[in-house]
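> predicted model follows, preceded by the sequence.
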Amino acid sequence: METIKLAAQSRDKSSPLVRAMRKAGRIPAVIYGNKIESISLDVSALDFKKVFTKAGESTVITVDVDGGKSVNAIIQDVQLDPLSGAVSHIDFFQVRMDEKIEATIPLEFVGESKAIKEMGGVLVKSIDEIEVSCLPADLPHAIEVNLAAINNFDDHIKVKDLAISDKVKVLTDIETVVALVEAPRTEEDLAELNEKVEADVTKVQGTVKEVPVAEEKAEEKAK
């Protein structure tokens, strides 16, 4: 397995120069874990972008602190600036390679469904990630969902159908449906749907019925 490394510098967590740090292309971060003291860090924004693209939040990386101490960790949380969308802070979680951890693994949909290609069906994805437990070295970066297994509108893929290593324990209910293909709507279905929508609009609480001005004045005189 490829080792993904990220250089980091330790920093004084009470330092007021965080804004200047970000302007210089560095991101404040913290690394913590079970029974260890947290360490405040900063990392290169450019280097982190490359690492995050490879590792995501489910692959162990090696964080090299001050060019000396190496720490095995996963990217636990990435905070974004609400205005610019740039990464504003990173949480790393230190892991022990001999202790199992729980993680959320994204699903990667691949392949082509005959029910979509030949029958015009519509793909429905029920979930896009699953929860697992395993040793850090066995964490999959992603789990593939092969849509080629869906040949008609009665077929569906469940968690138990996914190809997952026996070293990985799935915590999500294995009977959970991951994906299926629905039949395309007919013109009659669409027309019926439009009729229902139009009928329901008048029943929405707070809907005000428009009254012509002449009728409104007549009603006021009658009062």
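Structure's in. What do you need?

> residue contacts, Asp155?
Asp155 is in contact with Ala115, Ala149, Leu180, Val181, counting by Cβ atoms under 8 Å, 6 or more residues apart in numbering. Just so you know, the C-beta spots here come from the backbone N, C-alpha and C atoms, and that holds for glycine as well.

> correction: Ser113
So Ser113 contacts Gly121, Leu123, Leu147, Ala148, Ala149, Ile150, Asn151, Val181 (Cβ under 8 Å, 6+ apart).

> give me phi/psi at it?
Ser113 adopts backbone torsions of phi -90, psi 130, taken as degrees, to the nearest 10.

> so which of the contacts of Ser113 are in strands?
Within the contacts of Ser113, residues falling in strands by DSSP state E are Leu123, Val181.

> give the buried subset of the contacts of Ser113 as a PyMOL selection command.
Buried residues among those (16 or more other Cβ atoms under 10 Å), as a PyMOL selection:
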select buried, resi 121+147+150+181
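
> could you dump the contacts of Ser113 into a markdown table with pLDDT and distance to Lys160 added?
Rendered in a markdown table, the data for these read as follows (pLDDT from 0 to 100; distance: Cβ to Cβ, whole Å):
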| residue | pLDDT | distance to Lys160 |
| --- | --- | --- |
| Gly121 | 93 | 22 |
| Leu123 | 95 | 20 |
| Leu147 | 97 | 17 |
| Ala148 | 96 | 17 |
| Ala149 | 96 | 12 |
| Ile150 | 96 | 15 |
| Asn151 | 95 | 18 |
| Val181 | 96 | 19 |
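
> make a markdown table out of the contacts of Ser113 and add distance to Gly56.
Below are the contacts of Ser113 laid out as a markdown table (distance: Cβ to Cβ, whole Å):
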| residue | distance to Gly56 |
| --- | --- |
| Gly121 | 30 |
| Leu123 | 23 |
| Leu147 | 21 |
| Ala148 | 25 |
| Ala149 | 25 |
| Ile150 | 26 |
| Asn151 | 31 |
| Val181 | 27 |
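
> can you count the residues close to Glu182?
The number of residues packed near Glu182 is 12, by other Cβ atoms under 10 Å.

> now it, nearest residue through space, not along the chain?
Excluding the flanking residues, the one nearest Glu182 by Cβ to Cβ, 6 or more residues apart in numbering is Val122, at 4.9 Å.

> same check, this time on Gly67
Per Cβ to Cβ, 6+ apart, closest to Gly67 is Ala7, 7.3 Å.

> who does the one you found bridge with?
Judged by DSSP bridges, the bridge partners of Ala7 are Asp64.

> distance of it relative to Ser70?
10 Å (Cβ to Cβ, to the nearest Å).
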